[in-house]
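Trainee: Quick one, what's the 3D model for this:
(one chain, ligands or ions: 1)
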Amino acid sequence: MFEITHLSKHFGGLEILKDVSLQVSKGSISALIGPNGAGKTTVFNCITGLVKPNQGTITLEGRELIGLPSHQITRLGVARTFQNIRIFKEMNLLENVLVGMHSHLGYSTHDWILSSTSYQAQEQLARDKAYELLSLFQLQHQHDQTAQSLSYGEQRQLEFARALATQPQLLLLDEPVAGMNAAEKTLLMKEIELIRQQGVTVFLIEHDMRFVMELCDHITVLNFGQVIAQGEPEMIKNHPGVIEAYLGSVEEE
Ligand SMILES: Nc1ncnc2c1ncn2[C@@H]1O[C@H](COP(=O)(O)OP(=O)(O)OP(=O)(O)O)[C@@H](O)[C@H]1O
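Mentor: Below is the predicted model:
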(Lines give C-alpha, C1' and ligand atoms only; values in the text may rest on other atoms or scores of the structure.)
Protein backbone atom coordinates (compact mmCIF):
# COMPACT_ATOMS: atom_id res chain seq x y z
CA MET A 1 0.00 0.00 0.00
CA PHE A 2 2.89 2.32 0.79
CA GLU A 3 6.05 2.09 -1.25
CA ILE A 4 9.34 3.91 -1.67
CA THR A 5 11.53 3.12 -4.66
CA HIS A 6 15.07 4.23 -5.48
CA LEU A 7 14.94 7.24 -3.16
CA SER A 8 18.06 9.40 -3.11
CA LYS A 9 18.80 12.66 -1.36
CA HIS A 10 21.92 14.83 -1.40
CA PHE A 11 22.57 17.70 0.97
CA GLY A 12 25.31 19.68 -0.73
CA GLY A 13 27.95 17.13 -1.68
CA LEU A 14 26.75 14.59 0.89
CA GLU A 15 24.65 11.67 -0.25
CA ILE A 16 22.34 11.15 2.72
CA LEU A 17 19.97 8.60 1.12
CA LYS A 18 21.21 6.19 -1.53
CA ASP A 19 18.73 4.24 -3.61
CA VAL A 20 16.37 3.47 -0.72
CA SER A 21 13.50 1.11 -1.57
CA LEU A 22 11.02 -0.27 0.94
CA GLN A 23 7.40 -1.34 1.30
CA VAL A 24 4.99 -1.00 4.19
CA SER A 25 2.05 -3.41 4.02
CA LYS A 26 -1.42 -2.14 4.71
CA GLY A 27 -2.43 -2.75 8.34
CA SER A 28 1.10 -3.51 9.49
CA ILE A 29 3.23 -2.00 12.21
CA SER A 30 6.58 -1.50 10.52
CA ALA A 31 9.82 0.06 11.67
CA LEU A 32 12.71 1.95 10.15
CA ILE A 33 15.80 1.49 12.30
CA GLY A 34 19.51 2.21 12.02
CA PRO A 35 22.38 3.90 13.83
CA ASN A 36 22.40 7.66 14.51
CA GLY A 37 22.66 9.71 11.34
CA ALA A 38 21.66 6.78 9.08
CA GLY A 39 19.03 8.95 7.34
CA LYS A 40 15.80 7.76 8.99
CA THR A 41 14.31 11.18 9.72
CA THR A 42 15.28 12.31 6.22
CA VAL A 43 13.14 9.46 4.85
CA PHE A 44 10.18 10.70 6.95
CA ASN A 45 10.86 14.27 5.79
CA CYS A 46 10.77 13.11 2.16
CA ILE A 47 7.48 11.25 2.75
CA THR A 48 5.80 14.27 4.33
CA GLY A 49 7.06 16.79 1.77
CA LEU A 50 9.45 18.66 4.09
CA VAL A 51 12.44 17.55 2.02
CA LYS A 52 12.43 17.11 -1.74
CA PRO A 53 14.37 14.02 -2.82
CA ASN A 54 16.71 14.09 -5.80
CA GLN A 55 15.40 10.81 -7.16
CA GLY A 56 12.86 8.10 -6.55
CA THR A 57 9.16 7.57 -5.97
CA ILE A 58 7.00 7.54 -2.85
CA THR A 59 3.50 6.18 -3.37
CA LEU A 60 0.51 5.69 -1.11
CA GLU A 61 -2.11 3.39 -2.66
CA GLY A 62 -0.44 4.00 -6.00
CA ARG A 63 -0.57 7.80 -5.72
CA GLU A 64 2.74 9.68 -6.04
CA LEU A 65 3.46 11.96 -3.06
CA ILE A 66 6.71 13.56 -4.21
CA GLY A 67 6.15 17.13 -5.34
CA LEU A 68 2.95 17.60 -3.33
CA PRO A 69 2.83 20.21 -0.56
CA SER A 70 2.75 18.85 3.01
CA HIS A 71 -0.89 19.79 3.67
CA GLN A 72 -2.00 17.83 0.61
CA ILE A 73 0.03 14.81 1.73
CA THR A 74 -1.79 15.05 5.07
CA ARG A 75 -5.13 15.18 3.26
CA LEU A 76 -4.20 12.09 1.28
CA GLY A 77 -3.81 10.22 4.55
CA VAL A 78 -0.28 10.59 5.94
CA ALA A 79 0.17 11.90 9.49
CA ARG A 80 3.32 12.13 11.57
CA THR A 81 4.78 12.95 14.94
CA PHE A 82 8.22 14.43 15.51
CA GLN A 83 11.32 13.57 17.53
CA ASN A 84 10.83 16.79 19.47
CA ILE A 85 7.19 16.94 20.48
CA ARG A 86 5.23 19.53 18.53
CA ILE A 87 2.05 20.53 20.28
CA PHE A 88 0.46 23.89 21.12
CA LYS A 89 1.47 24.18 24.76
CA GLU A 90 -0.76 27.16 25.60
CA MET A 91 -3.87 25.53 24.11
CA ASN A 92 -5.96 22.96 25.93
CA LEU A 93 -5.98 19.28 24.97
CA LEU A 94 -9.28 19.38 23.10
CA GLU A 95 -8.16 22.41 21.07
CA ASN A 96 -4.89 20.67 20.17
CA VAL A 97 -6.79 17.72 18.72
CA LEU A 98 -9.31 19.98 16.97
CA VAL A 99 -6.43 21.68 15.14
CA GLY A 100 -5.54 18.29 13.66
CA MET A 101 -9.11 17.81 12.54
CA HIS A 102 -9.35 21.14 10.78
CA SER A 103 -8.30 19.85 7.35
CA HIS A 104 -11.27 17.45 7.26
CA LEU A 105 -14.10 19.69 8.41
CA GLY A 106 -16.64 20.18 5.65
CA TYR A 107 -17.96 23.66 6.33
CA SER A 108 -17.14 26.77 4.32
CA THR A 109 -15.92 30.15 5.53
CA HIS A 110 -19.43 31.40 4.74
CA ASP A 111 -20.92 28.82 7.14
CA TRP A 112 -18.39 29.79 9.75
CA ILE A 113 -19.06 33.54 9.53
CA LEU A 114 -22.81 33.02 9.73
CA SER A 115 -22.33 30.34 12.40
CA SER A 116 -24.81 28.30 10.40
CA THR A 117 -26.45 25.04 11.47
CA SER A 118 -24.02 23.16 9.23
CA TYR A 119 -21.07 24.79 10.98
CA GLN A 120 -22.46 24.11 14.45
CA ALA A 121 -23.26 20.48 13.65
CA GLN A 122 -19.78 19.87 12.22
CA GLU A 123 -18.17 21.57 15.20
CA GLN A 124 -20.11 19.36 17.61
CA LEU A 125 -19.14 16.24 15.67
CA ALA A 126 -15.51 17.35 15.67
CA ARG A 127 -15.57 17.95 19.42
CA ASP A 128 -17.10 14.51 20.03
CA LYS A 129 -14.46 12.88 17.85
CA ALA A 130 -11.65 14.84 19.55
CA TYR A 131 -12.94 13.72 22.93
CA GLU A 132 -13.01 10.11 21.68
CA LEU A 133 -9.39 10.38 20.51
CA LEU A 134 -8.32 11.77 23.88
CA SER A 135 -10.09 8.81 25.52
CA LEU A 136 -7.98 6.42 23.46
CA PHE A 137 -5.00 7.76 25.40
CA GLN A 138 -6.87 8.17 28.72
CA LEU A 139 -6.53 11.95 28.45
CA GLN A 140 -10.23 12.80 28.26
CA HIS A 141 -10.50 13.97 31.88
CA GLN A 142 -7.84 16.59 31.28
CA HIS A 143 -9.44 17.88 28.06
CA ASP A 144 -9.70 21.49 29.28
CA GLN A 145 -6.18 21.71 30.75
CA THR A 146 -3.36 23.35 28.83
CA ALA A 147 -1.00 20.95 27.05
CA GLN A 148 1.96 22.28 29.05
CA SER A 149 0.42 20.90 32.27
CA LEU A 150 0.90 17.32 31.01
CA SER A 151 3.83 15.05 31.81
CA TYR A 152 6.32 14.35 29.03
CA GLY A 153 4.78 10.95 28.24
CA GLU A 154 1.29 12.45 28.17
CA GLN A 155 2.42 15.23 25.81
CA ARG A 156 3.64 12.54 23.41
CA GLN A 157 0.26 10.84 23.65
CA LEU A 158 -1.49 14.12 22.92
CA GLU A 159 0.68 14.46 19.82
CA PHE A 160 -0.45 10.97 18.72
CA ALA A 161 -4.10 11.92 19.31
CA ARG A 162 -3.66 15.04 17.19
CA ALA A 163 -1.95 13.07 14.41
CA LEU A 164 -4.87 10.61 14.40
CA ALA A 165 -7.31 13.51 14.16
CA THR A 166 -6.30 13.96 10.52
CA GLN A 167 -7.76 10.45 9.89
CA PRO A 168 -4.57 9.02 8.43
CA GLN A 169 -4.17 5.78 6.53
CA LEU A 170 -0.48 5.88 7.38
CA LEU A 171 0.83 7.14 10.71
CA LEU A 172 4.54 7.96 10.92
CA LEU A 173 5.98 8.04 14.44
CA ASP A 174 9.49 9.45 14.86
CA GLU A 175 11.04 7.94 18.01
CA PRO A 176 7.73 7.60 19.86
CA VAL A 177 9.18 6.19 23.08
CA ALA A 178 12.00 8.72 23.46
CA GLY A 179 11.92 10.01 27.04
CA MET A 180 9.24 7.56 28.18
CA ASN A 181 9.57 5.41 31.29
CA ALA A 182 9.02 1.62 31.23
CA ALA A 183 5.34 1.84 32.22
CA GLU A 184 4.65 4.48 29.56
CA LYS A 185 6.38 2.34 26.92
CA THR A 186 4.23 -0.68 27.78
CA LEU A 187 1.11 1.45 27.60
CA LEU A 188 2.19 2.95 24.29
CA MET A 189 2.72 -0.50 22.81
CA LYS A 190 -0.93 -1.32 23.60
CA GLU A 191 -2.08 2.01 22.22
CA ILE A 192 -0.23 1.50 18.93
CA GLU A 193 -1.88 -1.92 18.65
CA LEU A 194 -5.25 -0.20 19.17
CA ILE A 195 -4.41 2.33 16.47
CA ARG A 196 -3.63 -0.50 14.08
CA GLN A 197 -6.91 -2.21 14.96
CA GLN A 198 -8.69 0.96 13.85
CA GLY A 199 -7.30 0.37 10.36
CA VAL A 200 -4.29 2.69 10.49
CA THR A 201 -0.95 1.45 9.16
CA VAL A 202 1.93 2.43 11.47
CA PHE A 203 5.49 3.12 10.33
CA LEU A 204 7.89 4.14 13.08
CA ILE A 205 11.50 5.14 13.66
CA GLU A 206 12.80 3.89 16.97
CA HIS A 207 16.09 3.24 18.76
CA ASP A 208 14.54 1.13 21.54
CA MET A 209 15.18 -2.33 20.11
CA ARG A 210 13.10 -4.23 22.63
CA PHE A 211 10.09 -2.07 21.76
CA VAL A 212 10.66 -2.54 18.01
CA MET A 213 11.22 -6.29 18.19
CA GLU A 214 8.15 -6.88 20.36
CA LEU A 215 5.77 -4.62 18.48
CA CYS A 216 6.66 -4.63 14.80
CA ASP A 217 5.75 -7.07 12.02
CA HIS A 218 8.40 -5.82 9.62
CA ILE A 219 11.66 -3.90 9.92
CA THR A 220 13.82 -2.02 7.43
CA VAL A 221 17.39 -1.24 8.49
CA LEU A 222 19.25 1.80 7.17
CA ASN A 223 22.99 2.35 7.52
CA PHE A 224 24.78 5.35 5.97
CA GLY A 225 21.69 6.07 3.89
CA GLN A 226 21.38 2.57 2.43
CA VAL A 227 19.00 -0.27 3.18
CA ILE A 228 21.10 -3.12 4.56
CA ALA A 229 18.31 -5.48 5.63
CA GLN A 230 14.53 -5.90 5.55
CA GLY A 231 12.34 -8.54 7.12
CA GLU A 232 10.69 -9.90 10.24
CA PRO A 233 12.15 -9.07 13.68
CA GLU A 234 13.62 -12.54 14.20
CA MET A 235 15.54 -12.35 10.93
CA ILE A 236 16.75 -8.79 11.59
CA LYS A 237 17.94 -9.68 15.11
CA ASN A 238 20.29 -12.31 13.69
CA HIS A 239 21.35 -10.51 10.52
CA PRO A 240 25.18 -10.22 10.47
CA GLY A 241 25.15 -6.87 8.59
CA VAL A 242 22.74 -5.36 11.12
CA ILE A 243 24.74 -6.62 14.09
CA GLU A 244 27.90 -5.19 12.56
CA ALA A 245 26.26 -1.80 11.84
CA TYR A 246 25.11 -1.49 15.44
CA LEU A 247 28.33 -2.81 17.02
CA GLY A 248 30.31 -0.46 14.78
CA SER A 249 28.30 2.52 15.93
CA VAL A 250 28.68 1.49 19.61
CA GLU A 251 32.45 1.11 19.19
CA GLU A 252 32.69 4.54 17.55
CA GLU A 253 30.77 6.12 20.42
N1 LIG B 1 18.81 19.78 6.05
C2 LIG B 1 19.97 19.13 6.12
N3 LIG B 1 21.10 19.66 5.61
C4 LIG B 1 22.28 18.99 5.67
N5 LIG B 1 22.44 17.78 6.24
C6 LIG B 1 21.36 17.22 6.79
C7 LIG B 1 20.06 17.85 6.76
N8 LIG B 1 19.16 17.03 7.37
C9 LIG B 1 19.86 15.95 7.76
N10 LIG B 1 21.17 16.05 7.41
C11 LIG B 1 22.22 15.06 7.65
O12 LIG B 1 21.77 13.84 7.15
C13 LIG B 1 22.22 12.76 7.96
C14 LIG B 1 21.05 11.90 8.33
O15 LIG B 1 20.23 12.63 9.25
P16 LIG B 1 18.87 12.03 9.80
O17 LIG B 1 18.35 13.00 10.81
O18 LIG B 1 17.98 11.67 8.67
O19 LIG B 1 19.39 10.70 10.51
P20 LIG B 1 18.66 9.75 11.54
O21 LIG B 1 18.91 8.36 11.09
O22 LIG B 1 17.24 10.17 11.70
O23 LIG B 1 19.47 10.04 12.87
P24 LIG B 1 19.04 9.97 14.41
O25 LIG B 1 18.76 8.54 14.72
O26 LIG B 1 20.27 10.45 15.12
O27 LIG B 1 17.85 10.88 14.58
C28 LIG B 1 22.94 13.38 9.15
O29 LIG B 1 24.32 13.32 8.89
C30 LIG B 1 22.46 14.80 9.15
O31 LIG B 1 23.43 15.67 9.67
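Trainee: What sits closest to Ile87 if chain neighbours are left out?
Mentor: Ala147 (4.8 Å; Cβ to Cβ, 6 or more residues apart in numbering). Bear in mind the C-beta positions are built from the backbone N, C-alpha and C, glycine included.
Trainee: List phi and psi for that neighbour.
Mentor: phi -60, psi -30 (degrees, to the nearest 10).
Trainee: tell me the contacts of it?
Mentor: Going by Cβ atoms under 8 Å, 6 or more residues apart in numbering, Ala147 touches 87-93, 96, 155, 158.
Trainee: Show me just the buried residues among those.
Mentor: 87, 92-93, 96, 155, 158 (16 or more other Cβ atoms under 10 Å).
Trainee: Closest one of the residues you listed to Val51?
Mentor: Set against Val51, the nearest of the buried ones among the contacts of Ala147 by Cβ to Cβ is Ile87 (22.4 Å).
Trainee: For stretch 36-55, measure first residue to last.
Mentor: 23 Å (Cα to Cα, to the nearest Å).
Trainee: For the remainder of this discussion, apply numbering that starts at 11.
Mentor: Sounds good: first residue 11 from here, last item stretch 46-65.
Trainee: for it, which positions count as buried?
Mentor: 48-59, 61, 63.
Trainee: Which residues does it contact?
Mentor: 14, 16-20, 26-27, 30, 42-44, 66, 68, 75-80, 82-84, 88, 90, 93, 182, 184, 215, 232-235, 259.
Trainee: Kindly recompute the last result at 7 Å.
Mentor: 16-20, 26-27, 30, 42, 44, 68, 75-76, 78-80, 83, 88, 90, 93, 182, 184, 215, 232-235, 259 (Cβ atoms under 7 Å, 6 or more residues apart in numbering).
Trainee: before we move on, what about stretch 90-105?
Mentor: 51, 54, 58, 106, 109, 137, 140-141, 144, 149, 152-158, 165-166, 168-170, 172-173, 182-186, 188.
Trainee: Repeat the analysis, applying 8 Å as the threshold.
Mentor: Residues contacting stretch 90-105 (Cβ under 8 Å, 6+ apart): 51, 54, 57-58, 106, 109, 137, 140-141, 144, 149, 152-158, 160, 162, 165-166, 168-173, 181-186, 188.
Trainee: ok, which of those also contact the ligand?
Mentor: Thr51 (Cβ under 6 Å from any ligand atom).
Trainee: are any of the contacts of stretch 90-105 buried, and which?
Mentor: Counted by 16+ other Cβ under 10 Å, the contacts of stretch 90-105 give 51, 54, 57-58, 106, 109, 140, 144, 149, 152-153, 157, 160, 165-166, 168-173, 181-186 as buried.
Trainee: ok, for Glu25, nearest residue in space, not its chain neighbours?
Mentor: Closest to Glu25 by Cβ to Cβ, 6+ apart is Gly235, at 6.2 Å.
Trainee: Quick one: residues contacting Thr196.
Mentor: Taking Cβ under 8 Å, 6+ apart as the test, Thr196 contacts no residue whatsoever.
Trainee: Need the pLDDT of it.
Mentor: Thr196 is assigned a pLDDT of 93 by the prediction.
Trainee: How about the one 5 residues further on?
Mentor: Glu201 is assigned a pLDDT of 91 by the prediction.
Trainee: who touches it in this structure?
Mentor: Glu201 touches 146-147, 167, 170, counting by Cβ under 8 Å, 6+ apart.
Trainee: can you tell me how far it sits from Ser38?
Mentor: 16 Å (Cβ to Cβ, to the nearest Å).
Trainee: And the residue of the stretch 61-210 of the chain closest to the ligand?
Mentor: Gln93 (6.3 Å; Cβ to the nearest ligand atom).
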